[in-house]
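**Q** no sequence on hand, only this structure:
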């Protein structure tokens with residue numbers, strides 16, 4: 001009887017742990033302020049309280065493969081993202097540990113109002 005109880009508890013814990021390891025379909029995202037912008041990347045400062053800010057205060061985001069949209073979901077160009085603007089960055093979850101830190105796998109950037 002105890003073995004079945006132990007097995008049941010073990011299975012429940014295993015399911016909880018494995019569920020926590022997955023990522024959502026959108027990957028990770030965070031809000032940041034644009035410090036510099038050019039044709040292929042943005043230098044951003046993550047918003048206060050974000051997990052990314054604990055990783056680095058400055059992050060270079062590669063935008064070559066990213067979809068760029070405004071807050072209404074309309075397509076924009078990199079030229080429309082200017083210094084001082086707020087953006088929401090969707091990426092794979094991987095941040096290279098350098099200074100500034102780097103995100104190579106960014107797939108969506110939303111220019112916030």
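**A** Great, that's in hand. All figures in this text were calculated on a predicted structure; none of them were measured in a lab.
**Q** please enumerate the strands of this structure.
**A** Taking DSSP state E, the strands of the chain run over residues 28-37, 41-46, 59-62, 67-70, 86-91, 101-103, 106-111.
**Q** possible to save those strands as a markdown table with mean pLDDT, mean neighbour count and distance to residue 3?
**A** No exception for glycine: its C-beta is placed from N, CA and C like everyone else's. Formatted as a markdown table, the strands of the chain follow (pLDDT from 0 to 100; neighbours: other CB atoms under 10 Å; distance: least, CB to CB, whole Å):
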| stretch | mean pLDDT | mean neighbour count | distance to residue 3 |
| --- | --- | --- | --- |
| strand 28-37 | 97 | 18 | 40 |
| strand 41-46 | 97 | 22 | 48 |
| strand 59-62 | 97 | 22 | 50 |
| strand 67-70 | 96 | 15 | 52 |
| strand 86-91 | 97 | 19 | 45 |
| strand 101-103 | 96 | 20 | 47 |
| strand 106-111 | 97 | 19 | 47 |
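**Q** now the ones you listed as TSV including distance to residue 53?
**A** Output for these, formatted as TSV (distance: least, CB to CB, whole Å):
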stretch	distance to residue 53
strand 28-37	8
strand 41-46	4
strand 59-62	9
strand 67-70	23
strand 86-91	12
strand 101-103	10
strand 106-111	17
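**Q** if I look at the residue lying closest to residue 45 once chain neighbours are set aside, how far off is residue 2?
**A** Spatial nearest neighbour of residue 45, excluding adjacent residues (CB to CB, 6 or more residues apart in numbering): residue 33 at 4.9 Å. Using CB to CB, to the nearest Å, one obtains 57 Å as the distance from residue 33 to residue 2.
**Q** centre-most residue in the protein?
**A** Taking CA atoms, centre = their mean, the centroid of the chain lies closest to residue 29, which sits 3.1 Å from it.
**Q** OK, contacts around that one?
**A** Residue 29 makes contact with 88-91, according to CB atoms under 8 Å, 6 or more residues apart in numbering.
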